[in-house]
Each structure stands twice: as C-alpha cells, then as structure tokens.
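**Student:** Quick one: sequence plus predicted model below, questions after.
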Amino acid sequence: RDCAMWCVWRTCAATVALAAVASATKPNILLIVADDQGFADIGYHNSTVLTPRIDALAKQGVILESYYVQPICSPTRSSLMTGRYTYRLGTQATVIRADVPFGVPLGETFIAENMQDAGYVTALFGKWHMGFYQWGYTPLARGFSEHLGYFQGTEDYYTHIGGGYGGTLAGLDWHRGNQTSYFGDNGNYSTHLIAAEAVDFLKRRASDPTKPFFLYVPWHAIHGPNEVPAEYENLYPVLKPDETSASQGMCGVCYCKGVGEELTGRQGGKWDQQVQEKGTAAHDGGGGGGGLTWGECRTVLGMAAVLDWGVGQLVDALKVNNQWESTIIVYTSDNGAQGGQGGTSYPLRGFKTMLYEGGVRVPGFISGGHPLLPTAVRGTVNTKLVHLTDWLPTLVGLAGGSTTRNRALDGHDVWSALTTDSPSPRTELLHNINPACGQGYVNPDAAIRVGDWKLLVGCFNVSTLAPNDATKIELYNVTADPYETADRSTTESAVVKQLLGRLAFYASSTDQVPPTIFPPFNQTGHMIRPWNYQCPQCPQGGAIPGAEGAHFDPWCDAVTCGHGPPASPPTTPPAPPPPTPTPDCPASWKVFNGGMGDASNKDIAIVPAASWGDCCHLCSADAKCKGWTFDTDANPGAASCHKHANDTARHPGFANRITGVQPDL
C-alpha cells in the first residue's frame, strides 16, 4: 500500500511539473501603466527622482528610447487595449467624461478578450477611463475576469471621490467587479490598494500554475490630485523657507529652477496661445512644474516614490510565488508630464495634451524573468520605433493567441525588433488626426511621423484632405533634433508634401468614429460645458465620504438612457436591439447621412427655416414621418427632424441613437 501511495504521489508531482512546463510556453504577462509620468519623472532619466525598484527592473530588461504613446489618458488607454489608432475609436480629441454617453465602441476587441481566447486568466486593478455609462463598457464586460479600481480619469487618492467638472458633479468612484461603488476602501491610499489587490491576485494564481495570467495594472500615480503619505514625501530633503538655491528652490523643469530658466527661450510655438486659451498650463519648453515650490514638488516626487514601491511589491510577489521566471513585464506611461502639476518631460519639448515629443515620448521598457527575453539583450537600450498600439499584437503573439476577431490593427508585432537585431516593422506613426479642428485637449490637431521626419499640422481638414492654414505647419527631424528646436517646414517642402499625403491617406479612411465633442454627445460642438446631454443619474454637487447614494455608477439604462435606474450589471455585453427602420422623408427635404460612423443611417432631415412649422407638424403627425421629432437647435440656419433625436430632456427617443441604430456606441 505504501508503494501504491508513493506511485500516486509521484504521478501527481509529475503532473504538476508537466503543467508548470506547459504554462511556461505561454508566459504570464504583467502590463504596468503609470499615469502622467513624464520623460524625466523616472530615476533612469533623472537622478532627482527616487524610483530604484523601477530603475532596476528596467535595467534588467530593455529600455525603449524611441517609444511613443498618445498625449492624454483616454486616447492612450483605448489604443493600448485595441491596438488601433484613436481616430478609429472616437478618442482623438479629448478624454471620455463621466457625464457623456460614450465608451470605446463595443465592436472593438480588447487585448484582455484576446488573452482569454488564448487560455489566460485576466485581471485589471486601477484606472479605467474608457467609458462606463452602461455596464457593457466596463472591465468585466470587456475581457477582464477581475477588477478593482475607478472608472473615471482621476479621483481623490484617499476618499476615492471623482467627478469635478466645474463643481457640478462629484461622487464616489471605486468599484469591485460589477458591484456599484464600493465604500469599504474609503480612507485608504489608492496606490496601496491597487498594489495589495494585484499582489493577492498573484498569490492566488500561484496555486494554479497550469493557467497563465494577463494582469493589467494602470496606476493612479502620478496623476493629480497631488497627495501622498508623508513617509514618501519625506524621502526628499526639506528646505527652510529662506533657502532659495537655484538647484532646489523651485520645482521647475527637471525639478530645479536653473534648468527651467535656461529653457525659457524655447517658448513661442505656434500652438502655445491656443493651449493657454484652453486652460492648460503654458508651454514652458519642458513640460515641467513651472512655479511650484520645492515643498509642493516634494509631494509629486513622493508620488513617484510610492509608485516605485508599488511596482516593487509586484516584483517581490512574482519572485515569492515562483512566477518571475515565467513572466514578461511591459512598463509604460500613458502620456507626458502634466504641465503645472509638478512632473517634467525635460529635455523634450511640450507636455501632456501636446503632440510635441514631451507629450507623446515617455518612459517604457520590457523586463521580467522569462527566457523569451534573451540574456543577450538584457541591460540594453533600444532605439527602434515603437508605439503603444504595438503591444496588442506583440503580447497576443507571445501568448500564442490570435487577432482574427479584431478589427484591422494599426499595431505591429515588435518582439523580434526588441529582442534581436531585426529592424522594427514600424516605419510610420500617426500621432493623431482630429476632425474637430481647434477643439478638444489634444494640440495641435494632427501629427504624423514617417522615418526621421515628424509633421505637426494645426488643422488637417478631413473633407478637403489638406491643412486649413498652411502657416500652421511645423516639420522636425526628430532623430537629429529630438528637442524639436529647428522647424524645417519652409526648407523641406518635398518632405512636407509627402507627409501631408500620408495624413490625407488616414483622413480619407472610412473606418472612423467622430470624437465625442460632436453631436449628439455635445450639441454645441465644443469641449466646454454646457453639454447638450448630461447625466441625470450622476451625483450632483459634493459627496460625503462613505455616504451611500453619492456615487458614480453606469447611469444610462439600456432602454431609457438615463430615465430610470441603471440596468443590472451583466457579465457579458448585452446584444444590441435590431435597428429601427428609418421612414422616407418628403421630397423637398434634404436628407443627409448622420450617425456616428454608420454612413447608411439616414436619420436627419434639414428643411428651410420657413418650413419649421410644417416640419414640426410632419414630424409629429404625418404617418409618413411617424417617429420623427422636431429640433430647432441642431443647425443655426434651419430646423431639423430627427428619427433619433439628440436631446433626451425633450426627446427620450435618443436612446435609440445609442442602443439601436448605432450598437457600436
């Protein structure tokens, strides 16, 4: 009997060992995203910043020094999750606000879904910011098996209250899975909470090594508000009020006043005034903290230090759980430093929201203990061109997965380029193209890189396929001139023509989704409130920490879109209802294709102003136009009749615009 038991034990042990070997063929993948961490907000670029754990992790892998993202939160995250450029996603102009009925289109396949298809266990702990007005747009419906974190762009680190928007909306935004806002973590620092949840996930996964994991950790740090536990701030020296040395008296670019002053001559870009008018910090040449005092700057540096602690917690957990040798790690920031907040993109030009290098070139590296990352390249710096859209095909490829279910990808599998002498398959990079010229947070509206050359255009008209203003063009050789100091647009006309041709190629694509600053989401067609459509379920005014009811949750019911409680949270996205047929219009009316990416949706009819009364009558009474509603504010020169009107305050039928005719939205 003892022999039999020994045989059983040996068989079980062999089975576990074989399972571990099998899982090793599919690496565990840890995808880490820092928030607002500029080019010089990391120790290996700037010794003032104390990030020893992140630095060590980077130096054990491959540091990427020609690595690019989008210039602000939602655009980066949507492209990262889908492997597609923002102009295909509706995130090319601004972030996804809490009170706008929009999310990354449901027809898009997220990387987590690809990983689940490949047999991975998936989890997300941290920031979402890709839409949450209905449960179908939230993490558990988009490929993640576990989730803890917040849906919006930011929140208080301790109370987890988010919103703001000029003081009109504020409420708790902290969710565990499909629960409504979770009050149990109130008072605990978010970086600590995210780290603890990720460490617990790794511990649980260690009990089942037969199934690999995909863990996505998008940290809150170092995004504002500037809050940090005292022990991290105290890692940096405290200066007395009368100490004003050039090296430490002010935060400034690169965290020192002197360097910031040296860069003042870099002001004067063609979009500086435009940025100031939009309320963003003025262009200072380095995207830094400008006039923050050293004491304020210590807080931001402390936030970088606690981010470093959190990353260290994950690395330690991987090693304790014997997962280090089977894990590949990707680290990236989501955009450049936020001007005026205390971070820095020095010595690059620009900052968060800008398409200059300081807004889109950020810290990034690959690491981990898996043998897929060869010893020969560990500790090296890679200068091949890489964009964050490349992570989806690269990581899904490492996982042995498939992207056949995805819409056409803009990313490339760059693993060979990162780990061998092979060139990067990427030779071109569309930084952005925004049809809402001069509106949104991204500045300028369009930019593209081809080879060494980078072209920035103030407004590229997607109708004429040409710049609106030929004087609002800048051209840089960013290989020879990485700080974008010498505009070559007047001396390199052939290059300008070539790159404008590439912008025209993208602008003429039929695979586009208009940005959310367009109707129906915002009738005024501008980024500034008041929005045409507001969230009636969102918490108004302030919120008392821990007070039930003052919280953000998906607020747009699948049927009534805001007129009633949210639908019960599904485990999978709900199937969209069939489109509502659109009736014919009187021959005298001019019908055009509206419809947020669906060119076949003839849903709006414009009539002369003199016919407004008839239009109202026809829309409400004529059988031929039954179901149409009347609207006088859609066009300053005419009235319009909408099959799916865009103002729910007057027309509850707007729900069909979102859930019926346009299931993608």
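**Tutor:** Received it, and whenever you're ready, just let me know what you need.
**Student:** By mean pLDDT, flag the weakest helix or strand of the chain.
**Tutor:** When the helices and strands of the chain are compared on mean pLDDT, DSSP states H and E, helix 655-659 comes out lowest with a mean of 24.
**Student:** all strands of the stretch 151-300 of the chain, in order?
**Tutor:** With DSSP state E, counting those that start in this stretch as the criterion, the stretch 151-300 of the chain has strands at 161-164, 169-172, 175-176, 213-218.
**Student:** what's the answer for the stretch 1-150 of the chain, then?
**Tutor:** 28-34, 62-64, 67-68, 121-127, 146-150.
**Student:** Would you give the sheet partners of the fourth one, along with the direction of each?
**Tutor:** It stands for strand 121-127. Using DSSP bridges, the strands paired with strand 121-127 are strand 146-150 (parallel), strand 213-218 (parallel).
**Student:** any residues touching the first one, and which ones?
**Tutor:** Just to be clear, that refers to strand 146-150. If you take CB atoms under 8 Å, 6 or more residues apart in numbering as the criterion, strand 146-150 is touched by 122-128, 138-140, 160, 162, 173-177, 182, 190, 193-194, 197, 201, 218, 220. C-beta: built from backbone N, CA, C; applies to glycine.
**Student:** thought residue 88 was touching residue 514?
**Tutor:** No: here residue 88 does not reach residue 514: they are 11.1 Å apart, not a contact under CB atoms under 8 Å.
**Student:** what about the lengthiest helix in the chain, average pLDDT?
**Tutor:** Identified as the longest helix of the chain according to DSSP state H is helix 294-320. Average pLDDT, helix 294-320: 94.
**Student:** following it, which helix or strand comes up?
**Tutor:** strand 327-333 (DSSP states H and E).
**Student:** what angle sits between that following strand and strand 28-34?
**Tutor:** Angle of strand 327-333 versus strand 28-34, following axes from the mean of the first three to the mean of the last three CA atoms, to 10 degrees, is 10 degrees.
**Student:** Give me the below-cutoff pLDDT ranges for the stretch 151-300 of the chain.
**Tutor:** The stretch 151-300 of the chain contains residues with pLDDT under 70 at 164-169, 239-291.
**Student:** try 90
**Tutor:** 159-173, 177-187, 237-298 (pLDDT under 90).
**Student:** Spell out the residue ranges of the helices in it.
**Tutor:** 190-206, 230-233, 257-262, 272-277, 294-320 (DSSP state H, counting those that start in this stretch).
**Student:** Can I get the second one in CSV, CA atoms only?
**Tutor:** This means helix 230-233. In CSV, the C-alpha atoms belonging to helix 230-233 read as follows (Å, rounded to 0.1, in the frame of the first residue of the first chain):
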residue,chain,number,x,y,z
ALA,A,230,4.2,61.6,4.5
GLU,A,231,6.8,58.8,4.6
TYR,A,232,7.3,59.0,0.8
GLU,A,233,7.4,62.8,0.7
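**Student:** Mind giving me the packing neighbours of it?
**Tutor:** Judged by 3 or more CB pairs under 8 Å, 6 or more residues apart in numbering; DSSP states H and E, helix 230-233 is in contact with helix 294-320.
**Student:** Could you figure out how far the helix it packs on is turned away from strand 28-34?
**Tutor:** 180 degrees.
**Student:** Buried residues of helix 294-320, list them for me.
**Tutor:** 294, 296-315, 317-318 (16 or more other CB atoms under 10 Å).
**Student:** try stretch 398-407
**Tutor:** 398-399, 401, 403, 406-407.
**Student:** State the number of residues packed around residue 423.
**Tutor:** The number of residues packed near residue 423 is 11, by other CB atoms under 10 Å.
**Student:** For it, what are phi and psi?
**Tutor:** Main-chain torsions, residue 423, degrees, to the nearest 10: phi -70, psi 160.
**Student:** Could you double-check that residue 415 sits in contact with residue 391?
**Tutor:** No: using CB under 8 Å as the test, residue 415 is too far from residue 391 to be in contact (10.2 Å).
**Student:** Show me which of these two is the more surrounded one.
**Tutor:** More crowded of residue 415 and residue 391, by other CB under 10 Å: residue 391, with 24 against 19.
**Student:** Can you tell me the SS state at that one?
**Tutor:** The three-state label given to residue 391 by DSSP: H, G, I helix; E, B strand; the rest coil is helix.
**Student:** Thought residue 83 was touching it, still the case?
**Tutor:** Yes: contact criterion CB under 8 Å: residue 391 and residue 83 qualify, at 7.4 Å.
**Student:** Give the intersection of the neighbour lists for the two.
**Tutor:** Counting by CB under 8 Å, 6+ apart, the contacts common to residue 391 and residue 83 are 111, 411.
**Student:** Check the contact between residue 68 and residue 363; I expect there is one.
**Tutor:** No: using CB under 8 Å, residue 68 is not in contact with residue 363, being 11.7 Å away.
**Student:** Quickly list what residue 215 is bridged to.
**Tutor:** Here residue 215, judged by DSSP bridges, has bridge partners residue 30, residue 123.
**Student:** What's the separation between it and residue 317?
**Tutor:** 10 Å (CB to CB, to the nearest Å).
**Student:** Mutual contacts of these two, please.
**Tutor:** 198, 202.
**Student:** tell me which element residue 366 is part of?
**Tutor:** Assigned by DSSP H and E, residue 366 belongs to strand 364-367.
**Student:** and that strand, what's its mean pLDDT?
**Tutor:** Here the average pLDDT along strand 364-367 is 98.
**Student:** hang on, the earlier thing: what would the strands of the stretch 151-300 of the chain look like in a markdown table with distance to residue 452 and mean neighbour count?
**Tutor:** As requested, those are exported to a markdown table (distance: least, CB to CB, whole Å; neighbours: other CB atoms under 10 Å):
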| stretch | distance to residue 452 | mean neighbour count |
| --- | --- | --- |
| strand 161-164 | 41 | 23 |
| strand 169-172 | 45 | 25 |
| strand 175-176 | 45 | 21 |
| strand 213-218 | 32 | 26 |
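**Student:** which residues does the spatially closest residue to residue 386 that is not a sequence neighbour contact?
**Tutor:** Spatial nearest neighbour of residue 386, chain neighbours left out: residue 67 (4.9 Å); criterion: CB to CB, 6 or more residues apart in numbering. By CB under 8 Å, 6+ apart, the contact set of residue 67 is 332, 361-364, 386-387.
**Student:** same question, residue 202
**Tutor:** Contacts for residue 202 (CB under 8 Å, 6+ apart) come out as 213, 215, 314, 317-318, 321, 323.
**Student:** List the residues that contact residue 506.
**Tutor:** By CB under 8 Å, 6+ apart, the contact set of residue 506 is 85, 87, 430, 433, 448.
**Student:** Compare the strands paired with strand 121-127 and give me the one nearest residue 357.
**Tutor:** For these, proximity to residue 357 was assessed by CB to CB; strand 213-218 is nearest, at 22.8 Å.
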